[in-house]
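**Student:** Sharing a model that was predicted from the sequence below.
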Amino acid sequence: MFPWWAGIAWGGTLVAVPGGTYEPLYPPDPDRPVVEVASFRLDDAPVTASEFADFVAAHPKWRRDAVSPLFADAGYLSTPLGGDQPVTRVSWFAARAYCTSQGKRLPTEDEWEFAARASETSIDASHDPERLALLLGWYGQPASAELAPVRAGDPNVYGVHDMHGLVWEWVEDFNNTLFGTDGREGGDDETLRFCGAGTLSATDVSDYARFMRVAFRSSLKGSYTTPSLGFRCAADAEEVR
Amino acid sequence: MSRLISPVLMLAVFACAPAEAPAPPAPETTGGSAAGDLGPPQGEPIHAVLTHAPEVPPPTGRSAPAKVIVELEVEEKVMPISEGVDYTFWTFGGEVPGSFIRIRQGDTVEFHLQNHPDSKMPHNIDLHAVTGPGGGAASSFTAPGHESQFTFKALNEGLYVYHCATAPVGMHIANGMYGLILVEPPEGLPPVDREYYVMQGDFYTVGKYREKGLQPFDMQKAIEENATYVLFNGSEGALVGDNAITAEVGETVRLYVGNGGPNLVSSFHVIGEIFDKVYYEGGTRFQENVQTTLIPAGGAAMVEFYVEAPGTYILVDHSIFRAFNKGALGMMKVEGDDALDIYSGKEVDSVYLADKVEPSAPIGEATAAAAKGALTKAQQVEAGGILFKGTCSTCHQDSGAGVKGVFPPLAGSDYLMADKARAIGVVINGLNGPVTVNGEEYNSVMPPMSQLNDDEVANILTYVRNSWGNEGDAVSAEEVAKVRATSERPAGAAH
Amino acid sequence: MRVLALTLLLSCGGLPDSQVQPPVPLPSQAALPADSLYTLDLPLTDSRGEVVELREFRGHPAVISMFYASCPMACPMLVGDVQRLEAQLGEDERQALRVVLVSLDPKRDDTEALADAAGRYGVDPERWVLARTDAEHVRVLAALLDIQYRDLPNGEMNHSSILTVLDRDGRAVARRDGLGADNAPLIAAIRKEVHDE
Ligand SMILES: [Cu+2]
């Protein structure tokens, strides 16, 4: 299915995701719920634990015993590194540093969500009830179980694996959803931490899986790590010559 | 200063007042939250005692406000929701409902919410006992593997629900994220002999009621408020059999009853008892002599009753299909001397239950015997007979004769007796399309009896194959398991 | 650069001690604590076009937050909150305090825009720094200060209004979330930095 070297490549393989429009759960302007996503490239799989081990070896300041407490909490890399499972227990700062070291970057939330709508057969399966039920099933399972290796299942139409069902993933602007602060600028304040309020300004109140991803991201700080949170890198689209 | 004016006394006053008398003074109030600040906390901080349902922490026994430290851990874990059925619960304190918290009005509560590292979700807590925006929700929003802390002063006495308020809120609550916090009035609640914690909740699974296996949450059913289970204390059986709550004749029992929802309002009733007092809505005042009290989703009540007669009292949501078809049933076993002058043994509600609850003993015995490998055919027939009445007799009739042209007979059925494995298959997978029984053709649908486990199917078929003149050998659970493993489940059987 | 000026002044040993003694103890030459914000390599340029390093503020309690110059309401209010906080401090405490506001909008907030904002806000240029950094570092600083933000299609931004007090070594010691919120925890933290040894 995938090139023989995919397993040993240092980092994921970027695949092209043609741009388009999509509706974020909390659009920045509720009157214009559709936003444009420019073409970009996305790693075909989450970064694995062994890939991250290589990175840490090359950049010792990201070692567990050397990392700045500003950039990682106490759980950082507390699960042993190695293997084809997605790396977890990484902070946003560390994930970002990894992508930078490869000349890549983290995907934005819009990019990630845009690509995550795809199924094996369609670029937008976000309204398929059966798929939604499947995703909910994953979100409903505790994170204690051992993770499967990356690329174990079929890729989506872009050739991207494991957008769902394996780990949560960091995005560059994980801290873009505003709440718990002052709403006098007419923002989306307090929407997620409060009972019910979260649904008021959302575009699709039945998309529970998406709600959970947004809620999850908004619970994070840049230094946080959890056993179910990993990442993959992205890059701008290749220049058309 | 007595704040609890007896309603009876008040009634008496109203009744005797001459028509032209001035309006009676408004009933004295507690002063609400404005009077609830009883000053700064006194003494050393206290670590709150937290209990799992049905236990309740002891009274605080304090006469001054204190600083109380509450540490509550959120854990996502798979637990049985019914026999043979598992569900991924999201819990406060490892159980559903969440740990019971007991404090006193005026206490300053330092609340620590810990989200277990193995959690997949962020969570928070909205305590209805908190005065302040979000009830603590915003201040307690916690990522997996992290902890939040916030402090509040408990200004209003009463019994309050707490719950997770993380989006999508409905799903967090539907997965069991609720519990009760009791804020005692400054003088404490009147002492009783027993206190218990009971909390109702509705659950939505992809499989139908009692369909075995790990059942995922069904969002569509939740949105439609079409509950698969309605349960006390988070699982069918949490309050029955050995888990029943107990009391002795001559004791006063207080139940702290909450309703986590997410959707359904409870018509809480104890079959065979009358609540002497109901602190309705969990508030300060009580009503007396109540049969059924309404407990809204996100609400609570305290009910008290004195028990006169021994026996088993059944706790139900009197929206009664929930009790018999969705699991909203609990038991209180009262021991002591018979009080035949008070209770003769005939009470309408308990007759209502007699079919289902009382004779279930042989089923339990058969299960126990099977586990020991000592199950006899006679035990199977006895247990199977009870199960047959509950499961098959509506269609095939108690007599096994069926209904001509619609439900084929089991008594004397050649189809049944000819092929044991096939009969097992019929029960597990259902049957539709033409079938000839004793020379007569039937063309109808029997739904799969997917709520039955292997033991139950074995016992029923042993009964059926050895009743009404049928004579056959016993059917074992292993034989059922074999058929279950090999046969294709018809499409749609899960729905 | 300010630190340089201070160092020069200090090295003119002729002056009596009392006159050069800054209102707080001298910046320690010891290594920074690991959780100090001053360990960051954050390239800042202030409203005079000068390069600023966060660690120049070492030795002072500081209030740090983020804003953007064209912000119509929340940022002027936030600045007002800090000015109100300053008014609640004693003179020595106020003199010791540094205020650092970093722009969330590097695209539009050039030196000129920052200078214009400083003028509009009427801030004390000796103790306040309005600065910009590049987009990469905006996300980093925001993440460290737990500030959430995003661009709105109308050119405005959604952002949280969080004030953080840094101790003399650049560690976050107090935090206030929301406009018009109580300044008391911030004031207590600042006083502690000024008066405690
Ligand atoms: Cu929750």
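**Tutor:** Thanks, I have it.
**Student:** burial count for the closest residue to residue B:421 other than its chain neighbours?
**Tutor:** Spatial nearest neighbour of residue B:421, chain neighbours left out: residue B:483 (5.5 Å); criterion: CB to CB, 6 or more residues apart in numbering or on different chains. The C-beta positions use only the backbone N, C-alpha and C, and glycine is treated the same way. Residue B:483 has 22 neighbouring residues, counting by other CB atoms under 10 Å in any protein chain shown.
**Student:** Buried residues of the helix or strand where residue B:483 lies, list them for me.
**Tutor:** Per DSSP states H and E, residue B:483 falls inside helix B:477-486. Judged by neighbour count using 16 or more other CB atoms under 10 Å in any protein chain shown, the buried positions of helix B:477-486 are B:477, B:479-481, B:483-484.
**Student:** Now do the contacts for residue B:32.
**Tutor:** The contact partners of residue B:32, by CB atoms under 8 Å, 6 or more residues apart in numbering or on different chains, come to B:155-156.
**Student:** And the helix holding residue B:483, how far out from the chain middle?
**Tutor:** Helix B:477-486 has its C-alpha centroid displaced from the chain centroid by 32 Å (CA atoms, centre = their mean, to the nearest Å).
**Student:** Identify the residues contacting it?
**Tutor:** By CB under 8 Å, 6+ apart, helix B:477-486 touches B:370, B:420-421, B:424-425, B:428, B:454-455, B:457-458, B:461.
**Student:** partner residues bridging the spatially most central residue of chain A?
**Tutor:** For chain A, the residue nearest the mean C-alpha position is residue A:169 (2.8 Å; CA atoms, centre = their mean). Bridge pairing for residue A:169 (DSSP bridges) gives the partners residue A:230.
**Student:** how near is it to residue A:137?
**Tutor:** 18 Å (CB to CB, to the nearest Å).
**Student:** Over to residue B:103?
**Tutor:** 38 Å.
**Student:** One more: residue B:41?
**Tutor:** 46 Å.
**Student:** what kind of secondary structure is the spatially most central residue of chain C in?
**Tutor:** Computing the C-alpha centroid of chain C and ranking residues by CA atoms, centre = their mean puts residue C:100 first, at 1.8 Å. Here residue C:100 is recorded as strand under DSSP: H, G, I helix; E, B strand; the rest coil.
**Student:** what residues are up against it?
**Tutor:** By CB under 8 Å, 6+ apart, the neighbours of residue C:100 are C:54, C:57, C:62-65, C:128-129, C:131.
**Student:** can I get these in JSON lines with pLDDT, secondary structure and distance to chain A?
**Tutor:** Listed next are the contacts of residue C:100 as JSON lines, based on pLDDT from 0 to 100; DSSP: H, G, I helix; E, B strand; the rest coil; distance: CB to the nearest CB, whole Å:
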{"residue": "C:54", "pLDDT": "91", "secondary structure": "helix", "distance to chain A": "12"}
{"residue": "C:57", "pLDDT": "93", "secondary structure": "helix", "distance to chain A": "16"}
{"residue": "C:62", "pLDDT": "96", "secondary structure": "strand", "distance to chain A": "16"}
{"residue": "C:63", "pLDDT": "96", "secondary structure": "strand", "distance to chain A": "17"}
{"residue": "C:64", "pLDDT": "97", "secondary structure": "strand", "distance to chain A": "13"}
{"residue": "C:65", "pLDDT": "96", "secondary structure": "strand", "distance to chain A": "12"}
{"residue": "C:128", "pLDDT": "95", "secondary structure": "strand", "distance to chain A": "22"}
{"residue": "C:129", "pLDDT": "95", "secondary structure": "strand", "distance to chain A": "20"}
{"residue": "C:131", "pLDDT": "96", "secondary structure": "strand", "distance to chain A": "19"}
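**Student:** for these, which one is nearest chain B?
**Tutor:** Checking the contacts of residue C:100 against chain B with CB to the nearest CB, the nearest one is residue C:65 at 19.7 Å.
**Student:** and the closest one, what does it touch?
**Tutor:** By CB under 8 Å, 6+ apart, the neighbours of residue C:65 are C:78, C:82, C:100-102, C:145, C:147, C:161-164.
**Student:** Quick check: which of these are also close to the ion?
**Tutor:** Among the contacts of residue C:65, no residue is within reach of the ion (CB under 5 Å from the ion).
**Student:** which of those residues count as buried?
**Tutor:** For the contacts of residue C:65, buried by 16+ other CB under 10 Å: C:78, C:82, C:100-102, C:145, C:147, C:161-164.
**Student:** In chain A, which residue sits nearest chain C?
**Tutor:** Closest point on chain A to chain C, by CB to the nearest CB, is residue A:222, at 3.3 Å.
**Student:** Please list all residues in contact with the residue nearest to that residue when sequence neighbours are not counted.
**Tutor:** Closest residue to residue A:222 apart from its sequence neighbours, by CB to CB, 6+ apart: residue C:143 at 3.3 Å. With contacts defined as CB under 8 Å, 6+ apart, residue C:143 is in contact with A:92-93, A:175, A:221-222.
**Student:** among those, who's most crowded?
**Tutor:** residue A:92 (26 neighbours).
**Student:** Which residues are in contact with the residue nearest to it when sequence neighbours are not counted?
**Tutor:** Closest residue in space to residue A:92, ignoring its immediate chain neighbours: residue A:222 at 4.3 Å, by CB to CB, 6+ apart. By CB under 8 Å, 6+ apart, residue A:222 lies in contact with A:71, A:91-93, A:174-175, C:140, C:143-144.
**Student:** This completes my enquiry, with thanks.
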